[in-house]
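Q: Just need the structure, nothing else, for what follows:
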Amino acid sequence: MMFLYFKPLLNLTVLNLNNKILIMNKYSLESFNNKRKSILFALITFSNMVISQVGPQPSSFGVWDRGEAMNIKEYPFLKGTSCDFPWDEVEKTPGIYDWSILDKAIERAYKEKISLYISFAAGPKTPEWVYEKGVPKVITSATKKPGAFDHYPYYLSPEYKKYYHRFLTEVAKHISSFSREKIRAISFIQVKTGCTGDECAYKGEPIDKNYSLPVKSEKWREFRLETFALHDKLFGTKSGLNISMLLNNLEPQSNEGKNNFVQEWDWAIKNLKDGFGIKNGALSRGHHLSGEINAVNTFLPYLVDPKGVTLFRRSEMDQTWTRPWYQLNVQLNFYWGAINALNAGQSVWDVTSSALKASKEQGFDYSFYFFNKYAGQIHPETATDAFCALHKGLNAADTKAYPEDRFGKASHGNIERMDKITAEYAKYGAANEDKNALKMGQVKQRGDQAGFNDAGWEIWPENYSRLLYQIEPDESSIPLWRVGGPITTTSSIYSRFARGFEHATGKDALYFKLHEGFSKDNKPKVMSITIVWYDAIEGSKWKLDYDAGNKTMKTAMTVTGKGDKKWHHEVITIKDAVFKNGGTKGADFVLLNADDKDDIFSLVEVHRGEQELPLLRPQEENRAFTGSAKGTKYSKGENAVEGDKEKKGKKGDKEDKREKRKKDKSND
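A: Sure, this is the predicted structure:
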């Protein structure tokens, strides 16, 4: 594990001697060998100078304020906030710095006991005086488009690097002037080497090709690695500040040649041995997005139960939530966006201010609390909670599950193949409501998709989970979509995906097991289980059996349906749970059909110990709001200019930041 978090202990001194941690009370200090007293004194003195925190603590993982302007008391689910202070605002005159933006952000985070991440926008936010020093001004093909940047610096110019590096050095010096306690409020720094956090040099192509710097080019890579190294030197463990870095565009493998960021990954693994973060924004903005499988599988081993390198992962919610697809059912889409992100090991969900403001009124703040509950559940030995959200995605790229000789050639543009696959599950509610979106990339999907699709290209095919897994799901249960009928603005969040019994085909059980290490030994322990199920049939019966360490599983509860066509939460606390895979099929517990009627389930949660109160629940009725089911698609050229971000979201967040800063100044 890469992250070490030390908290102050009463009458204890924490020492690190040759990578061995010694925790000593005052009595052991008194008896410490006299010959080592001088060394010990020097070590203690040095330790007081160094900030021991590296990276955000798991307790700070959850929903953060992307707009930097929200009141924590009004939005208590917020775990952190951001501060982006552009170079052209900080150093308007050469060598004269205005640190007010940064100072107020650090003071606020420290005072309100929230986490903070910071970034230093350069590139198109370079001060005009830098160009007067001889740095070439780059104009691109996108410059004249609405919302585009006016110009960019030529990053490889020696003069640009001279002044850019000087700026970063002064930032580090200023941060060093704060107390250790206030520096600890800074969880990480998002490194922005290019025009935005997307890590490209320009938006659009340079008019003058001499300044071209393709994102995969060797020249651009060299500049990025040089910038990474400078950040590490100024802010990392070498500086004593111990502020972790969050990076973008780096991967441990090339993904069949589609990406070429392995050298960036290798640099980070070699140099950032105390851990680092990755920016990966798509998964929290929806579900069934093209390319999900690679986005999950590439990094998940480093995020949940990591065995070596430990990462943290940040993504964001921009104005995607105002687009047509999200507006079909805002609460439902936020919930499954949170579920999708948690399944991928996401740590920080950076949410735009417009969504935060609407969350209370529209009821989707439940999704934020749910995300907070599970974002920090990383290590199974210490985790308190686990979940499994029942789901099946029809991945058209899977030729083993869907052979080409039966369903057609596997390609992203083959809509006919996707429809044939979906037709196999139509009786269970599967459908593709926007066929044109099936061939879109995930950025285009988020902006222009106008319906729910159950097939897709490299979409996540299995259940969504964190530390809890269903055993052989397709062999013992059936997948279900649109439970209760077509998805409308008032459909329950759980109705999108589910699994259930099919007694006629002998599928009468859902078997579950916890991640290895969650249940440590064979001793009985207290575990609480929550089952979210749909009461479709009056008189139907199902039961929960569990591993109590006996030869046969023990029944914890039996539930009888009323047939009210509503979703219900059943909670049971088990006092003698062993949960060491001692049940049928190696299960820790199982949902069993107790008659010939078919029951439906959407979510299963496990809590270590007695169930905590108050219980976390969504609103009972999902309400529709003015403007629902409408939304706006991307305007012409908008997606091309902004890439993975959306200019309206940025503009709104910036306006909120400016408004807050004006209020701060008026209160000074």
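Q: could you say what helices and strands the helix or strand where Lys233 lies packs with?
A: Using DSSP states H and E, the element containing Lys233 is helix 218-235. Using 3 or more CB pairs under 8 Å, 6 or more residues apart in numbering; DSSP states H and E as the contact definition, the elements that helix 218-235 packs against are helix 158-176, strand 244-247, helix 262-271. Where you see a C-beta, it was placed from the backbone N, CA and C, and this is true even at glycine.
Q: can you pull the alpha-carbon coordinates of the last one into PDB?
A: The C-alpha coordinates for helix 262-271 follow below in PDB (Å, rounded to 0.1, in the frame of the first residue of the first chain):
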ATOM      1  CA  VAL A 262       2.700   4.100 -21.200                       C
ATOM      2  CA  GLN A 263       5.900   6.100 -20.700                       C
ATOM      3  CA  GLU A 264       4.000   8.600 -18.600                       C
ATOM      4  CA  TRP A 265       2.700   5.800 -16.500                       C
ATOM      5  CA  ASP A 266       6.200   4.300 -16.100                       C
ATOM      6  CA  TRP A 267       7.500   7.700 -15.000                       C
ATOM      7  CA  ALA A 268       4.800   8.000 -12.400                       C
ATOM      8  CA  ILE A 269       5.300   4.500 -11.000                       C
ATOM      9  CA  LYS A 270       9.000   5.100 -10.700                       C
ATOM     10  CA  ASN A 271       9.000   8.600  -9.300                       C
END
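Q: Indicate which one of the helices and strands packed on helix 218-235 is closest to Gln362.
A: Distance to Gln362, taken as CB to CB, is lowest for strand 244-247 among these, at 29.9 Å.
Q: what's that closest one packed up against?
A: Strand 244-247 sits against strand 186-190, helix 218-235, strand 276-279, strand 311-317, with contacts defined as 3+ CB pairs under 8 Å, 6+ apart.
Q: what's the average pLDDT for stretch 243-254?
A: Averaging pLDDT along stretch 243-254 gives 90.
Q: Which residues belonging to that stretch are considered buried?
A: Buried positions in stretch 243-254, judged by neighbour count with 16 or more other CB atoms under 10 Å: Ile243, Ser244, Met245, Leu246, Leu247, Asn248, Asn249, Leu250, Glu251, Pro252.
Q: and what of stretch 373-387?
A: Within stretch 373-387, the residues scored as buried using 16+ other CB under 10 Å are Lys373, Tyr374, Ala375, Gly376, Gln377, Ile378, His379, Pro380, Ala383, Asp385, Ala386, Phe387.
Q: repeat for stretch 112-132
A: Of the residues in stretch 112-132, those with enough neighbours to count as buried (16+ other CB under 10 Å) are 114-127, 130-131.
Q: In strands, which of those residues fall?
A: Cross-referencing the buried residues of stretch 112-132 against strands under DSSP state E gives Ser115, Leu116, Tyr117, Ile118, Ser119.
Q: of all those, which comes closest to Arg499?
A: Ser115 (36.4 Å).
Q: thinking again about what came up before, can you tell which of the helices and strands packed on helix 218-235 is closest to Ala401?
A: Distances from Ala401 to each of the helices and strands packed on helix 218-235 were compared using CB to CB; the shortest belongs to helix 262-271, at 29.3 Å.
Q: Measure how buried the closest residue to Ala450 other than its chain neighbours is and give me the count.
A: Closest residue in space to Ala450, ignoring its immediate chain neighbours: Pro324 at 4.4 Å, by CB to CB, 6 or more residues apart in numbering. Using other CB atoms under 10 Å as the criterion, Pro324 is surrounded by 17 other residues.
Q: from here on, count from 22
A: I'll keep to 22 as the first residue from here, and by that count the last item is Pro345.
Q: pLDDT score assigned to Pro345?
A: We note a pLDDT of 94 for Pro345 in this prediction.
Q: Was I right to think it contacts Gly652?
A: Yes: taking CB atoms under 8 Å as the definition, Pro345 is a contact partner of Gly652 at 3.9 Å.
Q: which residues sit in contact with Asp620?
A: Contacts here follow CB atoms under 8 Å, 6 or more residues apart in numbering; on that basis Asp620 touches Gly521, Phe522, Trp554, Tyr555, Ala557, Ile558, Ser561, Trp563, Gly582, Leu612, Asn614.
Q: before we move on, which element is the residue nearest to Phe408 when sequence neighbours are not counted in?
A: The spatially closest residue to Phe408, leaving aside those adjacent along the chain, is Glu626, at 4.7 Å (CB to CB, 6+ apart). Using DSSP H and E, Glu626 maps to strand 621-629.
Q: list the helices and strands that strand packs on?
A: Contact analysis of strand 621-629 by 3+ CB pairs under 8 Å, 6+ apart lists strand 406-410, strand 489-492, strand 518-521, strand 530-535, strand 546-556 as its packing neighbours.
Q: Tabulate the ones you listed (a markdown table), appending distance to Gln383 and mean pLDDT.
A: What follows is the helices and strands packed on strand 621-629, written out as a markdown table (distance: least, CB to CB, whole Å; pLDDT from 0 to 100):
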| stretch | distance to Gln383 | mean pLDDT |
| --- | --- | --- |
| strand 406-410 | 21 | 98 |
| strand 489-492 | 29 | 98 |
| strand 518-521 | 21 | 98 |
| strand 530-535 | 32 | 98 |
| strand 546-556 | 21 | 98 |
